[in-house]
Each structure stands twice: as C-alpha cells, then as structure tokens.
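**Q** Need a 3D model of the sequence below.
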Amino acid sequence: PIALAYLAASVRNNGHEVSIIDAIGLDPEKKTYLGNKLFLVGISFSDILNLIPEDVDLIGISGMFSNEWTALRPLVNMIGEKFRDKYFIAGGEHFTSVPEICLEQCRDLDAIALGEGEETIVEIANAIDSNSSWLKIPGLVVRDNDKFVKTEKRKRIIKLDEIPKPAWDLVPLNKYLDLHLSLGVDRGRTIPMLASRGCPFQCTFCSSPHMWTTRWVARDVKLLADEIEEYINKYKIDAVDFYDLTAIVKKSWIIEFCNEVISRNLNFTWQLPSGTRSEAIDEDVTPLLYKSGCKNIGYAPESGSQRVLELIKKKVKLSRMTKSLKSSIKSGMNVKINIMMGFPGETHKDIFITFWYLIKMSFVGVHDVSMGVFAPYPGSEIYNDLVKKGKINHDEKYWLELSYVDITFSKSYCENISSRSLLYYNWLGYIIFYISNYTFRPMRIYTTLKNLINNKHESKGEKALARFLLDLKTIVFKRT
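**A** Have a look, this model is predicted:
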C-alpha cells in the first residue's frame with residue numbers, strides 16, 4: 001500500500017502519531033466471496049473495525065479503483081457509523097473523480113481529499129489540533145451542513161524528494177516480500193516504488209489529467225538509487241516494481257538513472273508493469289535499461305488503428321513504437337503490449353486492423369499481450385462525455401462493469417460494436433496473438449512449459465496461466 005505508506009510518513013514526520021491498517025497485508029491469502037464474481041482479499045470488515053483505535057482523532061481511507069466501490073462503500077459506512085464522533089476523510093483516484101457521489105452515498109465522511117494527499121492530510125491533522133476550519137485547506141471537498149464545498153485547488157508537489165520515504169515499518173511488508181506479491185512478473189522479493197509522478201499526455205480514456213494534472217515530475221536519480229540501495233540492504237529485496245503512470249518521458253533522465261544504477265553495481269531487477277511511452281526509449285536507451293536490471297517492460301499502444309489513436313488522443317506513432325519494441329527485444333527484455341478495444345467511435349474494421357497489428361507484433365518478437373475492453377472510468381474525458389449524454393447511471397451495475405480485465409464479461413459503450421461482439425473480440429485477440437507468437441517462435445512453447453513446471457514466470461502471460469491452472473486444480477479438487 002505505497003500510497004498509505006507515503007501519507008503515514010508525512011503525518012508522522014509532522015509530529016502526529018499514526019498507524020496503518022493494511023487489510024490485505026494482514027492476511028493476503030484469505031479470500032471472502034461476496035457473490036457476483038466478487039471476493040475480498042485480506043481480513044474481514046469486522047476485523048478492520050476492531051483494529052481502529054477507540055481514541056483515534058482522524059480516520060482516513062483510500063480508494064484507488066472505481067470498480068471496487070461496490071465493496072468499499074459498505075466498509076466506509078460501517079466505519080462512519082461506529083466512529084461517528086471522529087473526523088473521517090477519504091482520498092485516492094476514485095474519490096478524487098467523483099467526490100460528490102461519494103459524499104452523498106457515505107453520509108459520515110467529512111471530506112474528500114483531491115489528488116496528491118501528503119500535504120493535505122498534514123494540514124487536516126494540524127487543523128484538528130488547532131480546532132480551525134477545513135475550508136481554508138486547499139484540495140478538499142468538504143461537507144458543510146447540507147452543502148459540499150470545494151476549496152481552493154491544491155498545487156502539485158514539485159519537490160518529490162522532500163516527501164518522507166514510505167513508512168514501510170507500519171505495514172506487514174515481509175508478508176508481501178516472502179509471498180512474492182507484486183503487480184508485475186514474479187522476480188522474487190519485490191517492493192513498489194515511484195520514480196516520478198504525473199503524465200504529460202491527455203488520453204481521453206484516462207483519469208490521470210483529472211487526478212494529477214498533466215505535469216510530469218521526476219525524482220533525483222541519485223536519491224532514487226539511494227532508496228533502492230537502502231531496501232536491498234534492509235529488506236533483502238530482489239526486485240522493484242515502478243508504479244509510475246509514465247516513468248520514461250525524458251531520455252536524459254532515464255539514461256542518468258540507468259548509469260547511476262550500473263555504476264553502483266546494485267544487484268536487483270526492475271520493471272514497469274503498468275506500461276510506458278516509447279518516445280524516449282531507443283537504441284541508445286534499451287541496452288542501458290537491460291544492463292541496469294530492467295528485465296520486463298510494458299508498452300501501451302492501446303490500438304493498432306491510427307484512426308482510433310487519434311480519436312482517443314493517444315499521441316503515439318506506431319512505426320516509432322515498433323522501432324522501440326524491436327530495440328527492447330534485441331537488448332534482451334521481455335516485452336508486453338497493452339491493447340484496449342471498444343472505444344466510442346471505434347468500428348469493426350478498426351478491431352481487425354488491431355488484430356493484424358497483433359500478428360505483426362508477434363512477428364517482431366513481442367512476448368506478451370494484455371487485452372482489455374474499454375471501461376469509462378470516472379474522471380476521464382470520455383466518461384464526462386458519456387455522463388452528459390445520459391449513457392451512464394451510477395448504480396451498482398455500472399461500478400461492477402468497470403473491470404476491464406474480466407475475460408468472461410464485456411459491456412460496450414461503442415455505438416458500432418455490441419457487448420457480445422466485444423467479448424468475442426477480446427478472446428480472439430488473445431488467440432491470434434499467442435497462436436501467431438508460438439508459430440513464429442515454436443521454442444517459446446518449450447520455455448513456457450518449462451517455466452510453468454518450475455513455477456518460474458518470465459512474463460505476465462505465464463503468470464496468468466499459472467494462476468489459471470492453480471484455480472482449475474482447486475476447483476477440480478473441491479469437486480472430487
């Protein structure tokens with residue numbers, strides 16, 4: 001929970017006592033099934049309530065993903081009901097995108113923190129101590145009697161290295177490390193980090209401009225390397241997952257970072273599981289990426305149709321990205337691409353152009369693909385447009401349908417393509433990519449089988465396949 005660890009560190013650094021209830025980290029192997037294909041990972045809601053100190057002054061809760069709102073909202077209301085005499089705030093990507101809806105549906109929330117929260121939460125804690133009004137604190141939507149008051153907009157944090165390092169001592173970090181829990185490919189004991197914040201682009205399907213603005217800010221490479229070295233020595237980590245929105249934007253910065261890591265001879269691997277841009281990754285950069293420990297890299301072309309890319313304001317040239325992909329593969333990295341289908345305005349022809357693009361990427365040597373169906377995430381430009389057109393109702397069904405990684409279901413917001421067609425296209429995309437991939441490089445079949453047998457994963461595809469086989473084994477065992 002890197003966001004909570006950063007917030008806690010900032011509060012503690014300003015003289016306040018703070019604790020974190022990491023519901024997943026306290027029992028990461030426990031699952032509670034809720035129905036509708038939903039389950040919670042970690043301790044129960046009642047356990048969470050019991051762990052909140054009775055003498056607490058301020059409670060904060062984080063909500064990053066809107067498709068989790070159906071499960072998160074009952075917890076928020078349970079906390080609010082039990083601790084009605086305490087100050088209660090919420091923050092994160094979801095709350096930032098739809099603060100009024102969250103305040104309406106959670107009557108005991110006092111305020112929503114918008115965007116970055118480190119400075120905001122410190123000012124709230126100080127305001128509680130001095131019994132002063134929250135309406136003077138930038139970056140909030142405050143419940144004021146029967147009204148919701150939005151305070152002055154908070155400026156972005158520019159000096160990232162002045163933010164205290166995450167308070168990892170307040171979470172059961174070793175459970176994550178020992179179980180190799182990570183967002184990316186399993187490379188051992190993995191810790192999450194941020195090398196930058198923000199993204200300078202304005203893709204219409206992304207809520208980043210609303211949450212972070214379009215300013216990209218990077219950390220000092222020497223201080224970043226210092227932190228990595230500290231984690232290697234202190235926690236015996238093997239790998240780092242960079243959770244950045246767009247880590248590689250500036251070519252000079254990434255070259256400087258790689259050279260800093262190489263010069264220190266740090267023994268770790270790192271990856272960009274969320275994907276990155278290709279503009280700054282060329283034949284000068286990719287050998288340095290690999291030499292510095294980057295073994296897995298994800299690119300996000302989103303579509304193989306240039307028309308669709310222009311439609312969603314994805315400022316990328318596929319020819320330039322292909323050149324970058326080739327260079328990454330040549331340098332030895334395992335490469336994944338992210339594809340999304342079903343954007344408003346997309347056509348069947350665009351989908352088949354994307355399928356052809358997948359075949360070409362297989363031929364180039366791309367190892368992995370992540371297929372998804374477009375979902376209108378709150379805070380994005382497309383979401384706002386669909387709301388204006390009356391095509392989104394904020395009911396339970398809408399929140400549940402926001403998961404774009406469910407390969408058994410799809411909901412189409414595209415006027416040209418039905419929901420069922422999108423579901424078939426999603427499956428077909430995977431089939432086309434992996435059949436062509438193994439056809440062009442049959443030795444990869446042997447490598448994949450070997451990795452599955454040895455429980456070693458070189459790609460997200462192998463990791464997903466291993467998880468599927470484990471779930472299938474569990475189901476068969478239970479039926480037997």
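**Q** Just after the helix ranked longest in the chain, pick out the following helix or strand.
**A** Of all the elements of type helix in the chain, the one with the most residues (DSSP state H) is helix 419-440. Where DSSP states H and E defines the elements, the next helix or strand beyond helix 419-440 is helix 443-453.
**Q** Convert the C-alpha atoms of that next one to CSV, please.
**A** Coordinates of each C-alpha in helix 443-453 appear next as CSV, following Å, rounded to 0.1, in the frame of the first residue of the first chain:
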residue,chain,number,x,y,z
MET,A,443,10.8,-22.8,-28.9
ARG,A,444,8.7,-20.4,-26.7
ILE,A,445,6.3,-23.3,-26.2
TYR,A,446,9.1,-25.3,-24.5
THR,A,447,10.2,-22.3,-22.5
THR,A,448,6.7,-21.6,-21.3
LEU,A,449,6.1,-25.3,-20.2
LYS,A,450,9.5,-25.3,-18.5
ASN,A,451,8.7,-22.1,-16.6
LEU,A,452,5.3,-23.4,-15.5
ILE,A,453,6.8,-26.7,-14.3
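**Q** Distance from the chain centre to that helix, please.
**A** Centroid displacement of helix 443-453 relative to its chain, using Cα atoms, centre = their mean, to the nearest Å, is 28 Å.
**Q** One more: stretch 244-257?
**A** With Cα atoms, centre = their mean, you get 18 Å for stretch 244-257.
**Q** And for stretch 254-273?
**A** 22 Å.
**Q** And it, what's buried?
**A** By 16 or more other Cβ atoms under 10 Å, the buried positions in stretch 254-273 come out as 254-258, 260-261, 266, 268-273. Yep, even glycine has a C-beta here, placed from its N, CA and C like the rest.
**Q** Can you list the residue ranges for helices in the stretch 51-200 of the chain?
**A** Assigned by DSSP state H, counting those that start in this stretch, the stretch 51-200 of the chain shows helices spanning 69-82, 93-97, 99-105, 118-130, 173-178.
**Q** Repeat that for the stretch 201-350 of the chain.
**A** Going by DSSP H, counting those that start in this stretch, the stretch 201-350 of the chain shows helices at 208-212, 221-235, 251-264, 286-291, 306-311, 318-330, 348-364.
**Q** List of residues touching whichever helix or strand comes after the last one?
**A** Okay, so that is helix 348-364. Going down the chain from helix 348-364, the next helix or strand is strand 368-373, by DSSP H and E. Strand 368-373 is contacted from outside by 298, 334-342, 358, 361, 404-405, 407, 410-412, 422-423, 426, 429-430, 433-434, 459-461, using Cβ atoms under 8 Å, 6 or more residues apart in numbering.
**Q** For strand 368-373, buried residues please.
**A** 368-373.
**Q** Next secondary structure element downstream of that strand?
**A** Counting by DSSP H and E, what follows strand 368-373 is helix 381-388.
**Q** The following helix or strand past that following helix - what's its average pLDDT?
**A** Remark: after helix 381-388, the chain's next helix or strand is helix 396-400, criterion DSSP H and E. Averaged across helix 396-400, pLDDT comes to 89.
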